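Asks: got a sequence here, can you build the structure:
(chains A and B)
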There are 2 protein chains.
Amino acid sequence: MNITGLVEHIGAKKSMLCVGLDTVAEKLPKGFEKNTAGMLAFNKEIVEATKDLAVSYKINTAFYEALGLEGWDLLEKTRAILPEDSFKIADAKRGDIGNTSSMYAKAFFERMDFDGLTVAPYMGSDSIQPFLDYTDKVTIVLGLTSNQGSVDFQTNPIYQPQLYKTVLQSISTWGTTEQLMFVIGATKAEMLSEIRGIIPRHFLLVPGVGAQGGSADDVCRHGATSNGGLLINSSRGILYASSGSDFAEVARSQAQKIASATADFL
Amino acid sequence: MNITGLVEHIGAKKSMLCVGLDTVAEKLPKGFEKNTAGMLAFNKEIVEATKDLAVSYKINTAFYEALGLEGWDLLEKTRAILPEDSFKIADAKRGDIGNTSSMYAKAFFERMDFDGLTVAPYMGSDSIQPFLDYTDKVTIVLGLTSNQGSVDFQTNPIYQPQLYKTVLQSISTWGTTEQLMFVIGATKAEMLSEIRGIIPRHFLLVPGVGAQGGSADDVCRHGATSNGGLLINSSRGILYASSGSDFAEVARSQAQKIASATADFL
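Replies: Purely as a prediction, here's the structure:
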């Protein structure tokens, strides 16, 4: 799925929800084996419970890599169960010199056929170009992140304009709005109006709703565009909303809340 | 192996050479199968040919991830053939919010038992802390990289002090010299004297010697400290020095050149 498909999909479903599969064996509800088989079964149930509400799924690769070879197998298997009519993101935050970034692009865009991949900006243009070379895929660059450490460099006041603004400004010129998205943390919703001044039309992937404290409503109020322009991600807030046998229903109801909050802006 | 072990090892071998295993099936010398079995056999021969000259090996994870599950298997198997008395680096350039960085730390420091891991700085302190929590491991943070895109943010003149200097200055206070190293590209050797003014005692991992044009001698002249203080990496310049049946000898002779250049500063 490319950006055009995503926009259609958002319009049809009246939702900008992205469900993050940050799955951890120890947190699985009762009844699931605490291993990769249990994690895959859980991921399947979460996808089933949310697929009419979510327009996108995001797999956080770290949670899979932590389990070694078996985890990488689970990553590929989880990719395979994502609905074909969803925008499929690998949240891997990769980035390296050109010939190495090409290898990461091959891994996530070719071999696993993700639609989007998160990428770190520090190494600059030639570290990002190999991802942009896949013109039918979406490179999702870190802009302003939701964690406290974003003050260390991204918003450090010694730099004017702040670093994240230079990152957004520069990188937005390196590819079209069909090829580029930016990660903007939901905990910084009030900063979205200013961000829209720099990148008025790019899609934003917005993590940090729910467990990290951001609100979908605030994010939409400050960041939505005429075609939606947002993917609002919730991971823990949906996956682990209940540890009981009603986990799928409760996950669905959390997903519904976010989807509904975004519908008001579509 | 920790920094103390590395320093002893550098003194004993009179070398600061790190061999980078950026292995690609298509580039394997004649006689090797062009698959992961061939890549493992090649990696073994390169390690055998260089292990008395190199104090460290660095696995570039992208080259393995690009091959999917089989590639991750090769990554674990290549890790297993690295000499116990070498400093074993995963060059993965990871970094994310705290609970996700913890997962990456688990993957590389626990499960695969690497001694060092490269990490991206953009997300700030709480994205790096989970790596530093492994006090017997070494977190190797990107400082000034060897690629052209380093001008976009790291050395962009709109920021004074330049961003990479703020990164080095700030992050050097987050952990001891036993816990932290920095990546400084060899193509910027002339900038090492100034960098030593900011981080006089930290070990530097220096890629970009050989194929990328940096010189080991220049790097040592500007960056060596009393205990060495450098790991000078060469990947393509050693691995693919010859595509004939003499590949191991020629790789060894390239390794010898770099090791000898560094010996003069020990």
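Asks: please count neighbours and contacts with C-alpha atoms only from this point.
Replies: Noted.
Asks: would you map the helices across the stretch 1-150 of chain A?
Replies: A:3-13, A:36-50, A:61-65, A:68-81, A:98-105, A:125-132 (DSSP state H, counting those that start in this stretch).
Asks: CA atoms only for the second one - export them in PDB, please.
Replies: This file holds the C-alpha atoms of helix A:36-50, laid out as PDB (Å, rounded to 0.1, in the frame of the first residue of the first chain):
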ATOM      1  CA  THR A  36       6.800 -17.100  20.200                       C
ATOM      2  CA  ALA A  37       4.000 -19.400  19.300                       C
ATOM      3  CA  GLY A  38       1.800 -17.700  22.000                       C
ATOM      4  CA  MET A  39       3.000 -14.300  20.700                       C
ATOM      5  CA  LEU A  40       2.000 -15.100  17.100                       C
ATOM      6  CA  ALA A  41      -1.400 -16.400  18.300                       C
ATOM      7  CA  PHE A  42      -1.900 -13.200  20.300                       C
ATOM      8  CA  ASN A  43      -0.900 -10.900  17.400                       C
ATOM      9  CA  LYS A  44      -3.400 -12.800  15.200                       C
ATOM     10  CA  GLU A  45      -6.200 -12.200  17.700                       C
ATOM     11  CA  ILE A  46      -5.300  -8.500  18.100                       C
ATOM     12  CA  VAL A  47      -5.200  -8.000  14.300                       C
ATOM     13  CA  GLU A  48      -8.600  -9.800  14.000                       C
ATOM     14  CA  ALA A  49     -10.100  -7.700  16.800                       C
ATOM     15  CA  THR A  50      -8.900  -4.400  15.300                       C
END
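Asks: residues in contact with it: which ones?
Replies: A:21, A:23-25, A:28, A:32-33, A:70-71, A:74, A:77-78, A:81-83, A:239, A:248-249, A:251-252, A:255 (C-alpha atoms under 8 Å, 6 or more residues apart in numbering or on different chains).
Asks: most tightly packed of the helices of the stretch 1-150 of chain A?
Replies: helix A:61-65 (a mean of 25; mean count of other C-alpha atoms under 10 Å in any protein chain shown).
Asks: related to what we said a few turns ago, mind checking which of the contacts of helix A:36-50 are buried?
Replies: Among the contacts of helix A:36-50, those classed as buried by neighbour count (16 or more other C-alpha atoms under 10 Å in any protein chain shown) are A:21, A:23-25, A:28, A:32-33, A:70-71, A:74, A:78, A:82-83, A:239, A:248, A:251-252, A:255.
Asks: quick one: which of those sit in strands?
Replies: Among the buried ones among the contacts of helix A:36-50, the ones falling in strands (DSSP state E) are A:Leu21.
Asks: is stretch A:54-63 positioned near chain B?
Replies: Yes - counting by C-alpha under 8 Å from any C-alpha of the partner chain, chain B is contacted by stretch A:54-63 at A:60, A:62-63.
Asks: any chance of those residues in JSON lines with pLDDT as columns?
Replies: As requested, these are exported to JSON lines (pLDDT from 0 to 100):
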{"residue": "A:Asn60", "pLDDT": "98"}
{"residue": "A:Ala62", "pLDDT": "98"}
{"residue": "A:Phe63", "pLDDT": "98"}
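Asks: on that earlier part again, intersect the buried ones among the contacts of helix A:36-50 with the contacts of chain B.
Replies: Okay, of those, nothing touches chain B (C-alpha under 8 Å from any C-alpha).
Asks: quick one, strands of the stretch 101-250 of chain A?
Replies: A:116-119, A:138-144, A:180-184, A:203-206, A:230-234 (DSSP state E, counting those that start in this stretch).
Asks: B:Ala186 is nearest to which of the ones you listed?
Replies: B:Ala186 lies closest, by C-alpha to C-alpha, to one member of those: strand A:116-119, at 23.9 Å.
Asks: burial of A:Cys220, as a residue count?
Replies: 25 (other C-alpha atoms under 10 Å in any protein chain shown).
Asks: go on, A:Asp52?
Replies: 15.
Asks: and what of A:Ser245?
Replies: The burial count for A:Ser245: 11, using other C-alpha under 10 Å.
Asks: pretty sure it contacts A:Leu28?
Replies: No - counting by C-alpha atoms under 8 Å, A:Leu28 is not a contact partner of A:Ser245; they are 10.5 Å apart.
Asks: quick check: angle from the longest helix along chain A to strand A:230-234?
Replies: Longest helix in chain A by number of residues (criterion: DSSP state H): helix A:247-263. For helix A:247-263 against strand A:230-234, the angle by axes from the mean of the first three to the mean of the last three C-alpha atoms, to 10 degrees is 150 degrees.
Asks: now do helix A:247-263: everything it contacts.
Replies: A:14-17, A:19, A:29, A:45-46, A:49-50, A:53-54, A:216-217, A:220, A:237-242.
Asks: and these, which are buried?
Replies: Buried among those (16+ other C-alpha under 10 Å): A:14-17, A:19, A:29, A:46, A:49-50, A:53-54, A:216-217, A:220, A:237-242.
Asks: and the closest residue to A:Leu144 other than its chain neighbours, how far from chain B?
Replies: Distances taken as C-alpha to C-alpha, 6 or more residues apart in numbering or on different chains put A:Ile184 closest to A:Leu144, at 4.7 Å, once the chain neighbours are dropped. Look at A:Ile184 and chain B: by C-alpha to the nearest C-alpha, to the nearest Å, they are 12 Å apart.
Asks: ok, A:Ile184 - contacts?
Replies: A:142-146, A:204-207.
Asks: pick out the most distant pair among these.
Replies: Within these, A:Ser146 and A:Leu204 form the most distant pair, 13.0 Å apart (C-alpha to C-alpha).
Asks: higher neighbour count, these two?
Replies: More crowded of A:Ser146 and A:Leu204, by other C-alpha under 10 Å: A:Leu204, with 26 against 23.
Asks: which ones are touching that one?
Replies: A:181-184, A:229-231.
Asks: any chance of those residues in JSON lines with distance to B:Glu8 and pLDDT as columns?
Replies: Below are the contacts of A:Leu204 laid out as JSON lines (distance: C-alpha to C-alpha, whole Å; pLDDT from 0 to 100):
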{"residue": "A:Met181", "distance to B:Glu8": "47", "pLDDT": "98"}
{"residue": "A:Phe182", "distance to B:Glu8": "45", "pLDDT": "98"}
{"residue": "A:Val183", "distance to B:Glu8": "44", "pLDDT": "98"}
{"residue": "A:Ile184", "distance to B:Glu8": "45", "pLDDT": "97"}
{"residue": "A:Gly229", "distance to B:Glu8": "55", "pLDDT": "98"}
{"residue": "A:Leu230", "distance to B:Glu8": "53", "pLDDT": "98"}
{"residue": "A:Leu231", "distance to B:Glu8": "51", "pLDDT": "98"}
